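>>> Show me how the following folds:
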Amino acid sequence: MRKEKWKLMLQNKMFVIGAVLFLAVIVVVIFAPLLSPHTYTEQNMSMRLVKPCGEYPLGTDQYGRCILSRVFYGSRIALGVGIVAVVIETLIGVTLGIIAGYYGKTVDKIVCFVTDTTWSIPPIILAMAIVLMLGSSAQNVAISVAVVSWAQFTKIVRAKVQSLKGLSYIEAAKICGEKDISIILRYILPNLVSTIIILATLALPSAILSTTSMGFLGLGAQQPLPDWGMILSEGIQYIRNAPWISLVPGLAIVWTVLGFNLVGEGVKELLDPRLKV
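Coordinates of the predicted model:
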C-alpha cells in the first residue's frame with residue numbers, strides 16, 4: 001500500500017517539481033562554501049553595483065559584495081532559523097495539545113483560551129513586538145516565529161488526542177491503573193507521529209517566509225550576516241540601477257517556500273490525506 005502511494009506521488013508533477021526545488025536548496029545549504037565564488041563578507045568597493053559578469057555571476061551590491069555568494073550563504077540562515085522555529089513551535093504546540101486533549105475540562109479551557117488569544121493577535125505584529133523586546137538577531141527571530149505559530153499544532157493535536165483517548169485499549173490501560181504519562185508515551189504519542197510530521201513539514205515554508213519578512217524589516221540577522229530579507233530590503237533603493245540586488249534574494253525566497261510547500265503537500269497526501277491543516 002505504501003509503495004503504491006509513493007508511485008502516485010512520483011506521478012504527481014507538482015510534488016516532483018517541489019522535490020527538485022527542495023533538493024536544490026539542501027545542496028546549496030550544505031555546499032555553500034564550495035559553490036560560492038567569494039565569501040559573503042568580501043568587499044571590493046571598486047566593483048560596487050557591478051552587473052552580472054564572469055567574476056560576479058549575479059552582480060554585486062552597494063559594497064561590492066558578491067550577490068550569489070551572499071544568497072548562497074543566506075540559505076543557511078533562512079533554513080536554519082526556520083528549522084529552529086519549527087522545532088520550538090512543535091514542542092510547545094504538541095505538548096499543550098496533548099495536555100488539553102487528554103485531560104480536558106479546566107485544563108482544556110485554559111489551553112484553548114491561550115490558543116485563541118494568540119490567534120487573535122496579528123502574527124507579524126506579535127513577532128515584531130517579541131523581537132523588539134529581545135533584540136534583533138537570528139535566534140530571537142526563531143523564538144518570535146515559534147511563539148506566534150504554535151497554536152495550529154495545539155488545535156490539531158488536541159482534536160486528535162480527544163479521538164484517541166476513547167479507544168478501547170487506552171481505556172483498558174486506564175482501568176489497569178497505568179499512569180497517564182505512560183499512556184501518553186506508549187499509546188497516544190506514537191499515533192501522533194504522522195500528524196506531527198505533516199504539520200512540521202507544512203510549517204517550515206511559513207517559518208522561512210516569516211524569517212525573511214523579519215529580516216526585511218531589519219529585525220533579523222544583522223550585518224554582515226547575509227539574511228535574504230535584509231539583502232532584498234537594502235536593494236530596493238538601487239532597484240532602477242541594480243535590480244539584481246533585490247531580485248536574486250526575492251527569487252530565492254520564492255524558490256525555497258514553493259519547493260517546501262509542494263513537498264509538504266506531498267507528505268500530507270502520503271501520510272494522511274484526510275488531515276485538515
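>>> what secondary structure does the spatially most central residue of the chain sit in?
Nearest to the mean C-alpha position of the chain, counting by CA atoms, centre = their mean, stands Leu204 at 2.4 Å. What DSSP: H, G, I helix; E, B strand; the rest coil gives for Leu204 is helix.
>>> where does the protein dip in pLDDT?
For the chain, applying pLDDT under 70 flags the ranges 1-3, 5-6, 273-277.
>>> could you pull out the helices for it?
Along the chain, the stretches classed as helices by DSSP state H are 2-11, 13-35, 67-103, 105-120, 123-134, 138-147, 150-164, 168-175, 180-183, 193-216, 228-235, 244-271.
>>> Need the ones you listed in a markdown table (columns: distance to Asn44).
Any C-beta I mention is one placed from the backbone N, CA and C, and that applies to glycine too. Formatted as a markdown table, those follow (distance: least, CB to CB, whole Å):
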| stretch | distance to Asn44 |
| --- | --- |
| helix 2-11 | 46 |
| helix 13-35 | 19 |
| helix 67-103 | 12 |
| helix 105-120 | 47 |
| helix 123-134 | 32 |
| helix 138-147 | 26 |
| helix 150-164 | 44 |
| helix 168-175 | 65 |
| helix 180-183 | 60 |
| helix 193-216 | 24 |
| helix 228-235 | 17 |
| helix 244-271 | 15 |
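>>> among these, which is nearest Met47?
helix 67-103 (11.5 Å; CB to CB).
>>> Which other helices and strands does the closest one contact?
Under the contact definition 3 or more CB pairs under 8 Å, 6 or more residues apart in numbering; DSSP states H and E, helix 67-103 sits against helix 13-35, helix 105-120, helix 138-147, helix 150-164, helix 193-216, helix 228-235, helix 244-271.
>>> Give me the distance from that helix to the chain's centre.
Taking CA atoms, centre = their mean, to the nearest Å, one finds the center of helix 67-103 at 5 Å from the center of the full chain.
>>> So which bits of it are buried?
Neighbour counts over helix 67-103 (16 or more other CB atoms under 10 Å) mark 67-82, 84-86, 88-90, 92-94, 96-102 as buried.
>>> likewise stretch 129-139?
In stretch 129-139, counting by 16+ other CB under 10 Å, buried: 130-131, 136-138.
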